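**Student:** Quick one, fold the following:
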Amino acid sequence: MKNNKTAFYLIVTYVIMQLSGYLFAPLLLEFFMQQGIKVSQAELLASGWWIFISMLIATIITLVLVQKDKSFFTNLKGKKSSIGASIGWGFLGFFMVLIGQSLAAVIEGALGVDPGSENTAVFVKISAAAPVAILSIAIFAPILEELIFRRVIFGSLVQKTNFFIAGFVSAVVFAIIHFDFTHILLYAVSGFIFAFLYYKTKRILTSIISHMLLNGFVVLIQLNQENILRYQKYLESLSNAQ
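**Tutor:** Sure thing, here's the model as predicted:
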């Protein structure tokens, strides 16, 4: 019974965090505009700082709730992998997700879907204006999302169905919540692999590590895209000179 209460409180915390921006981000926007910052820049700063503040608070509340429920992580049957093996699978999982996303991107391309995620592009713009948001994207979001979508949703369903049904449902819900329906396959594939990692090791730590590495990698690549392209052109010029 306590497990169910904890899961409910986690979902409520996550939903409130998602909706809180509608109330508090405008207050931050007003604050930044009063500092003489242009509206477009102030909007990015307000979004970035509220993402950081709301996710930080939600993560603290979530970790406190989980810490109080000692049975919260005993929902999956089977022996847990060692911490070392779980961390190893976490790093391996990062590459598994990259491969999975690459295959999903190929399928999307064959279906005529343009590459590049609008959702990711927005977060990159926000991160460039307010770097503090990177902490939320790379650390807080993976913790919150893995606990909600893998532990609560997948973990509850897999006890009543099987891995594939639970993995599919949790992956689709995970994709939908990102509100980037053009690339729903990309997010669903990632969610399914994260579910596999959690199921494989019986430790949510594994999928959290993979998720953190993925988010951090994507943000860093996107933020340094111009430098990467410049470096590629430089290498090409060296190759042509030879």
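**Student:** which regions of the protein sit below the pLDDT cut-off?
**Tutor:** 1-3, 227-242 (pLDDT under 70).
**Student:** What is the longest helix of it by residue count?
**Tutor:** In the chain, assigned by DSSP state H, the helix with the most residues is helix 2-34.
**Student:** So for that one, what gets flagged as buried?
**Tutor:** 3, 6-7, 9-10, 13-14, 17, 20-21, 25, 28-29, 32-33 (16 or more other Cβ atoms under 10 Å). Glycine gets a C-beta too; all of them are placed from N, C-alpha and C.
**Student:** Would you tell me what the next helix or strand after that helix is?
**Tutor:** Counting by DSSP states H and E, the next helix or strand C-terminal to helix 2-34 is helix 39-68.
**Student:** Report the angle between that following helix and helix 2-34.
**Tutor:** If you take axes from the mean of the first three to the mean of the last three Cα atoms, to 10 degrees, helix 39-68 sits at 160 degrees to helix 2-34.
**Student:** mind checking how far helix 39-68 is from the chain centre?
**Tutor:** Once both centres are worked out by Cα atoms, centre = their mean, to the nearest Å, helix 39-68 turns out to sit 14 Å from its chain's centre.
**Student:** So which elements touch it?
**Tutor:** Here helix 39-68 is seen to pack against helix 2-34, helix 118-129, helix 133-135, helix 141-145 when contacts are counted using 3 or more Cβ pairs under 8 Å, 6 or more residues apart in numbering; DSSP states H and E.
**Student:** how big is the angle separating it from helix 118-129?
**Tutor:** 100 degrees.
**Student:** Tell me the buried residues in the helix or strand that comes right after helix 39-68?
**Tutor:** For helix 39-68, the following helix or strand on the C-terminal side (DSSP H and E) is helix 83-110. By 16+ other Cβ under 10 Å, the buried positions in helix 83-110 come out as 86-87, 89-90, 93-94, 96-98, 100-101, 104-105, 108.
**Student:** Can you give the contact residues for stretch 94-106?
**Tutor:** 115, 185-186, 188-190, 192-194, 197, 209-210, 213-214, 217 (Cβ atoms under 8 Å, 6 or more residues apart in numbering).
**Student:** and with 6 Å instead?
**Tutor:** 185-186, 189-190, 193, 210, 213-214 (Cβ atoms under 6 Å, 6 or more residues apart in numbering).
**Student:** and of those residues, the nearest to V173?
**Tutor:** S190 (12.7 Å; Cβ to Cβ).
**Student:** ok so, going back, from the chain's centroid, how far away is the longest helix of the chain?
**Tutor:** 16 Å.
**Student:** can the contacts of stretch 94-106 go into CSV with extra columns for secondary structure, distance to G155 and neighbour count?
**Tutor:** What follows is those, written out as CSV (DSSP: H, G, I helix; E, B strand; the rest coil; distance: Cβ to Cβ, whole Å; neighbours: other Cβ atoms under 10 Å):
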residue, secondary structure, distance to G155, neighbour count
L185, helix, 23, 18
L186, helix, 23, 25
V189, helix, 20, 22
S190, helix, 18, 23
I193, helix, 16, 24
S210, helix, 17, 28
L213, helix, 22, 19
L214, helix, 20, 21
